[in-house]
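Trainee: this is a predicted model, with the sequence first.
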Amino acid sequence: MAMATQPKTNIALTRNIGFIAHIDAGKTTVTERVLFIAGRIYKIGGVDEGTAAMDWMVQERERGITITSAATTADWNGCVINVIDTPGHVDFTAEVERSLRVLDGGIVIIDAVAGVQPQSETVWRQADKYQVPRICFINKMDRIGADFQNAIDSLVQRLGANPVAIQVPIGAEDGFRGMVDLLEERAYFYNDDSPTPPTTGPVPEEMLEIVNDYRSRMIEKVAETDDDLLVKYLEGQEISVADLKKAIRSGTVNGSLVPVLCGSALRNRGVHPLLDAITDFLPSPEDVPPTIATDYNTGDEIVITPGETDSFSALVFKSVADPFIGRLVYFRVYSGSLVAGGVAFNSTTGHRERIGRLVKMHADRREEVDEVHAGDIVAAVGMKDATTGDTVSDLKSPVVLAPITFPDPVISIAIEPKTRADQDKLGEALNKLASEDPTLKIAYDDELGQTIMSGMGELHLDIIVDRIRREYKVEGNVGKPRVAYREAIRSNAQAEGRLVRQTGGHGQFAHVVIKVEPGARGDGFTFVDSVRGGSVPREFFPAVSKGIQDALNAGPLTGFPVMDVTATLIDGSYHEVDSSEMAFRVAASMAAKAALKKAAPVALEPVMKLEVVTPGQFLGDVLGDLGRRRSNIRGIEGEGSTQVVRASVPLAETFGYADTLRSITQGRAAQSLEFDDYEPAPEGELDG
């Protein structure tokens with residue numbers, strides 16, 4: 001069946017946007033209403049009922065949360081709106097990170113009752129990092145405790161934003177029945193909860209004073225960002241609606257203003273004006289600063305301007321394994337065009353990529369297209385090597401775009417298959433999931449014999465384990481990883497090892513006397529031979545050294561390696577016929593084990609350097625929790641209302657710390673861990 005040719009979209013009428021916010025602020029609900037009202041879906045789904053179009057994963061529908069960012073496309077006012085609905089939970093912050101990297105604008109959803117919440121701060125900082133223009137939608141105006149002005153104040157206090165209200169609500173809580181457009185000075189009324197357009201009318205008499213106050217503040221704020229308007233404002237001239245809209249758009253695009261709207265998405269109130277605001281105020285790909293790339297061949301800097309740069313360039317921001325058509329690679333096209341069935345160059349890996357099919361996504365449904373152009377957000381089938389952060393570009397003029405950076409994992413668990421038959425299937429599942437998720441790290445610890453999964457939080461890893469079970473049909477045992485302890489000795493000791501075996505023909509004979517001494521920290525293993533008179537022939541010295549190292553690999557207390565030991569061969573004897581390298585290796589191991597037991601062995605535990613950045617109001621709680629974790633506080637520094645705590649803490653005490661820290665600081669603190677040193681472990685603290 002022939003594909004319909006994809007018409008080239010006017011790039012000025014393209015909006016690449018994402019909904020970002022704290023968990024449970026209503027992002028997915030707003031997205032559902034936007035898609036329905038724009039005619040993209042024909043039935044409104046519900047998050048709580050597990051029927052939201054954008055929450056298509058089984059785990060999302062069960063938990064009522066968004067886990068993976070979903071992409072779709074809608075049309076409004078002649079504009080093509082590419083939408084990405086992102087997760088709000090901090091464990092899936094990487095999904096927000098990679099979405100914001102390829103978006104031109106964001107709609108920040110704020111809960112009218114709670115105002116700016118902790119994860120709202122995180123996504124706001126991420127949007128700042130990528131300089132993404134934003135508008136704000138204060139949702140849930142119908143809930144008890146909803147306060148429009150309080151929510152706006154929290155934008156200033158918590159985020160340092162410059163919000164400008166372009167609407168004010170008519171009523172609140174049970175009495176919320178619409179909003180007043182401050183630009184057009186007209187009211188939108190909602191008589192019921194149906195998704196039909198609101199009725200318009202004059203501003204209610206009782207609200208004239210409030211509306212005039214808000215409108216004058218709006219004009220003042222907007223005028224401060226536009227020199228021409230400022231002159232008109234100061235001279236008392238009339239400022240037209242068109243001038244105001246133009247200035248608000250300009251201020252939004254350059255980040256100096258954040259327009260604020262309000263509504264209740266669950267009750268379909270405020271969504272029509274929100275769609276208008278998206279097309280009126282958020283930028284097209286042409287409005288944002290040009291993308292800076294590097295020439296693949298020369299390393300020179302190149303400015304990529306959509307619509308003007310002819311050669312194809314795109315950034316891969318996601319890859320997923322689709323159960324029906326194979327591996328899907330999502331990318332944002334920054335310049336040029338790409339035809340289905342063509343070949344592109346992966347500038348990150350240096351390999352060619354064949355483009356099998358091109359599809360526009362609607363959550364987990366696909367619409368095939370034969371060509372994509374600058375500004376499009378699409379997915380490709382057939383790209384084998386491309387992963388998140390890769391640049392795909394023209395074969396003749398390849399470029400490299402700035403990659404996407406992700407936070408480091410903060411928590412680890414061990415996983416092992418329940419049966420030997422599942423071993424290979426588990427490895428394959430973990431590799432596929434890690435290729436999709438850049439914050440999931442997989443490592444095999446030979447020393448512990450465990451596969452270690454590291455991720456952004458317990459929920460993140462819980463979802464991964466659930467996906468392994470459901471999608472890959474592998475049952476696994478999950479537990480926290482054992483701590484990799486070490487041992488050391490605190491005194492000198494010596495012992496002898498004697499191997500005498502007679503089994504007919506040649507026997508085995510070796511006899512050594514070994515002395516062990518504690519070495520300086522970091523010196524490792526040192527072997528010294530002080531045998532005099534040839535009691536042990538020199539050719540057996542390497543075997544004696546290996547035998548001692550065999551003993552050091554498994555200490556007498558925990559079975560973990562013994563660190564920093566100097567071992568001296570001081571005496572021994574041999575047999576001209578029965579002595580061999582193997583015999584001396586075994587005898588040396590026996591002697592070293594006996595000597596280590598007598599040398600006051602001590603277990604050492606890995607200790608981590610910990611840095612916690614927390615708002616000052618939670619400092620006492622953070623320090624109290626660290627005190628319970630056997631930590632050593634090395635210093636506390638204050639920077640304004642932020643406190644930085646530096647400490648050393650045993651690795652065994654850090655499991656679950658990221659989640660505890662979030663809990664005691666309302667998710668507003670950040671922490672980083674790195675290995676520091678080994679220190680003696682208190683008796684009874686070993687995790688077995």
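Mentor: On my side now, so go ahead. Computed from a predicted model, the values in this text were never measured in an experiment.
Trainee: next helix or strand past the helix or strand that contains A314?
Mentor: For A314, the host element (DSSP states H and E) is strand 313-322. For strand 313-322, the following helix or strand on the C-terminal side (DSSP H and E) is strand 326-335.
Trainee: what does the helix or strand just after that following strand contact?
Mentor: Per DSSP H and E, the first helix or strand lying C-terminal to strand 326-335 is strand 337-339. If you take C-beta atoms under 8 Å, 6 or more residues apart in numbering as the criterion, strand 337-339 is touched by K8, F312, A314, A344, I355, L358, D370, E371, V372, H373, A374. Quick note: C-beta positions are derived from backbone N, CA and C, even for glycine.
Trainee: immediately after the worst-scoring helix or strand of the chain on mean pLDDT, which helix or strand?
Mentor: Within the chain, no helix or strand scores below helix 58-63, which has a mean of 42 by mean pLDDT, DSSP states H and E. Sequence order places strand 70-76 as the next helix or strand after helix 58-63, per DSSP H and E.
Trainee: what's the distance between M361 and S194?
Mentor: Separation of M361 from S194 (C-beta to C-beta, to the nearest Å): 29 Å.
Trainee: the stretch 151-300 of the chain: strands as residue ranges?
Mentor: 163-165, 167-170, 178-181, 186-189, 199-201, 258-262, 291-295 (DSSP state E, counting those that start in this stretch).
Trainee: got JSON lines for those strands, with mean pLDDT, mean neighbour count and distance to A421 too?
Mentor: Listed next are the strands of the stretch 151-300 of the chain as JSON lines, based on pLDDT from 0 to 100; neighbours: other C-beta atoms under 10 Å; distance: least, C-beta to C-beta, whole Å:
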{"stretch": "strand 163-165", "mean pLDDT": "94", "mean neighbour count": "23", "distance to A421": "58"}
{"stretch": "strand 167-170", "mean pLDDT": "94", "mean neighbour count": "25", "distance to A421": "61"}
{"stretch": "strand 178-181", "mean pLDDT": "93", "mean neighbour count": "23", "distance to A421": "61"}
{"stretch": "strand 186-189", "mean pLDDT": "93", "mean neighbour count": "18", "distance to A421": "62"}
{"stretch": "strand 199-201", "mean pLDDT": "92", "mean neighbour count": "11", "distance to A421": "65"}
{"stretch": "strand 258-262", "mean pLDDT": "95", "mean neighbour count": "25", "distance to A421": "56"}
{"stretch": "strand 291-295", "mean pLDDT": "87", "mean neighbour count": "17", "distance to A421": "47"}
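Trainee: first-to-last residue distance for stretch 287-300?
Mentor: 24 Å (C-alpha to C-alpha, to the nearest Å).
Trainee: give me the contacts around that stretch.
Mentor: Contacts of stretch 287-300 (C-beta under 8 Å, 6+ apart): 104, 131, 133, 253, 301-306, 313, 334-335, 345, 347, 391, 393, 397-402.
Trainee: can you check stretch 441-448 too?
Mentor: Applying C-beta under 8 Å, 6+ apart, the set of residues contacting stretch 441-448 from outside is 409, 414, 430-431, 434, 450-455, 481-482, 484, 560.
Trainee: go with 7 Å
Mentor: Stretch 441-448 is contacted from outside by P409, L430, A434, T451, I452, M453, S454, P481, R482, A484, using C-beta atoms under 7 Å, 6 or more residues apart in numbering.
Trainee: flag the shaky bits of the stretch 151-300 of the chain, pLDDT-wise.
Mentor: The stretch 151-300 of the chain contains no residues with pLDDT under 70.
Trainee: what residues of stretch 643-656 count as buried?
Mentor: Q643, V645, A647, S648, V649, P650, L651, A652, E653, T654, F655 (16 or more other C-beta atoms under 10 Å).
Trainee: residue contacts, the last one?
Mentor: Residues touching F655, when contacts are defined by C-beta under 7 Å, 6+ apart, comprise K480.
Trainee: state the pLDDT value of it.
Mentor: Confidence at F655, expressed as pLDDT, is 78.
Trainee: assumed it was part of a helix.
Mentor: No. Looking at F655 with DSSP: H, G, I helix; E, B strand; the rest coil, it is coil, so not inside a helix.
Trainee: phi first, then psi, for it.
Mentor: phi -60, psi 130 (degrees, to the nearest 10).
Trainee: helices along the stretch 501-650 of the chain, start to end?
Mentor: 541-552, 581-598, 619-628 (DSSP state H, counting those that start in this stretch).
Trainee: now the ones you listed in CSV, with distance to A25 and mean pLDDT?
Mentor: Shown next, in CSV, are the helices of the stretch 501-650 of the chain (distance: least, C-beta to C-beta, whole Å; pLDDT from 0 to 100):
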stretch, distance to A25, mean pLDDT
helix 541-552, 56, 94
helix 581-598, 59, 94
helix 619-628, 25, 92
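Trainee: which among those helices is found nearest to Q149?
Mentor: Nearest to Q149 among the helices of the stretch 501-650 of the chain is helix 619-628 (30.3 Å), distances taken as C-beta to C-beta.
Trainee: distance-wise, check D287 relative to N77.
Mentor: For D287, the distance to N77 equals 16 Å [C-beta to C-beta].
Trainee: out of M361 and S194, which sits in the more crowded spot?
Mentor: M361 (21 against 9; other C-beta atoms under 10 Å).
Trainee: now that one: how far from E637?
Mentor: Taking C-beta to C-beta, one finds M361 at 46 Å from E637.
Trainee: same question for L100.
Mentor: 30 Å.
Trainee: the two: which has the busier surroundings?
Mentor: Set L100 next to E637 and count neighbours by other C-beta under 10 Å: L100 wins out with 24 against 10.
Trainee: am I right that that one is in a helix?
Mentor: Yes. According to three-state DSSP, L100 belongs to a helix.
Trainee: wait, it touches A127, no?
Mentor: Yes. With contact defined as C-beta atoms under 7 Å, L100 counts as touching A127 (5.7 Å).
Trainee: joint contacts of those two?
Mentor: By C-beta under 7 Å, 6+ apart, the residues touching both L100 and A127 are G106.
Trainee: returning to that earlier point: neighbour count: D287 and N77, which is higher?
Mentor: A side-by-side neighbour count of D287 and N77, using other C-beta under 10 Å, places D287 first with 18 against 13.
Trainee: how near is the more buried one to G270?
Mentor: In terms of C-beta to C-beta, D287 sits 25 Å off from G270.
Trainee: likewise for V528?
Mentor: 81 Å.
Trainee: what's the neighbour count on V613?
Mentor: Count around V613 with other C-beta under 10 Å applied: 17.
Trainee: repeat for L661
Mentor: Residues near L661, counting by other C-beta under 10 Å: 23.
Trainee: and if you look at the one 3 residues further on?
Mentor: By the criterion of other C-beta under 10 Å, I664 has 17 neighbours.
Trainee: without its sequence neighbours, what residue ends up closest to it?
Mentor: D621 (4.5 Å; C-beta to C-beta, 6 or more residues apart in numbering).
Trainee: and the one you found, how far from T665?
Mentor: 7 Å.
Trainee: of these two, who's got more company?
Mentor: The neighbour comparison of D621 against T665 (other C-beta under 10 Å) goes to T665, with 22 against 15.
Trainee: so what's the residue count around the residue nearest to the more buried one when sequence neighbours are not counted?
Mentor: Closest residue to T665 apart from its sequence neighbours, by C-beta to C-beta, 6+ apart: F618 at 4.3 Å. Number of residues near F618 (other C-beta under 10 Å) recorded here: 18.
Trainee: surely F618 meets I664?
Mentor: Yes. Contact criterion C-beta under 7 Å: F618 and I664 qualify, at 6.4 Å.
Trainee: still on that earlier bit, what about the residue nearest to T665, distance to L661?
Mentor: In terms of C-beta to C-beta, F618 sits 9 Å off from L661.
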